[in-house]
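Peer 1: Just the structure for this:
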Amino acid sequence: MTQQTRREADELLAHADSVYRFLLRWLADVHLAEDMTQQTFLRAWSSMRDGTEIRSPRSWLLRIARNLVSDRFRERPVDQVLDWDVAGPLTWESSKQLTDREDVAIAMAALDRLPGRQRMVLHLIAVEQLSVNETAELLELSPGGVRSHLATARARMRELLNEQDPDRKDASTTKSDISST
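Peer 2: Got it, this is the predicted structure:
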C-alpha cells in the first residue's frame, strides 16, 4: 500500500462511526448496519481504485450508504423501510449521564414522530453535522428544499418536545439543542 493510498484509507476510516450511526438510524438493526457499513467501505475502496475523485469523504460515504439501502430495498421507497428507533440500550453510570440519556430518549422519540424526509434532514444536519449543501446532494434535494424540511422539522420538534415537557422554560432552547445552521 502506498503512502498516498494509506492516507486516503485513513481519511475514509475516520468517518466509519458516522456511516455506522447513519445506517443504524435507518435500519434499526445492529448486524445489518454493521454489514452495510462494511459494504459501504468496500464499495468506496473499489471506487477509489477506479480513480473516483472525492471532494467530501463523509458526504460521499453517506451517499454510498444511502444507495446501498436503496438497492437493498429497491421494491419499496427508502422512506418506507427506514426505522429510526435507536438500536440497543445506552449505558451510562452517573446521574448526569442518566439525565442526558432521558433527554436523548425524549428527543429521539420526538424525532421518530417526524415524517421520513424531515427525520433524515434533521439527522444529517444535527447529528452528522453535514452542511445544507451536503445534505441536499446526499438526499437529491435542492438546498432550499433542505432548508424548508429543516425549518419544518425544527418547528415540529419544538412542538413535540413541549408536549413532552410543558414546563420547559422557553421553546427557543429546543432550537439550540437541535442545532442550527
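
Peer 1: in this protein, which segments are predicted with low confidence?
Peer 2: 1, 74-102, 165-181 (pLDDT under 70).

Peer 1: Tell me how far Leu27 lies from Asp17.
Peer 2: 16 Å (C-beta to C-beta, to the nearest Å). Any C-beta I mention is one placed from the backbone N, CA and C, and that applies to glycine too.

Peer 1: Mind checking which of the two has more residues around it?
Peer 2: The neighbour comparison of Leu27 against Asp17 (other C-beta atoms under 10 Å) goes to Leu27, with 24 against 10.

Peer 1: And the longest helix along the chain, what's buried?
Peer 2: Criterion DSSP state H: the longest helix present in the chain is helix 143-164. By neighbour count with 16 or more other C-beta atoms under 10 Å, helix 143-164 contains the buried residues 145-147, 149-150, 152-154, 156-158, 160-161.

Peer 1: can you check stretch 26-39 too?
Peer 2: So for stretch 26-39, counting by 16+ other C-beta under 10 Å, buried means Trp26, Leu27, Ala28, Leu32, Ala33, Met36, Thr37, Gln39.

Peer 1: which of those residues lies closest to Val121?
Peer 2: Closest approach to Val121 among the buried residues of stretch 26-39 (C-beta to C-beta): Trp26, at 13.3 Å.
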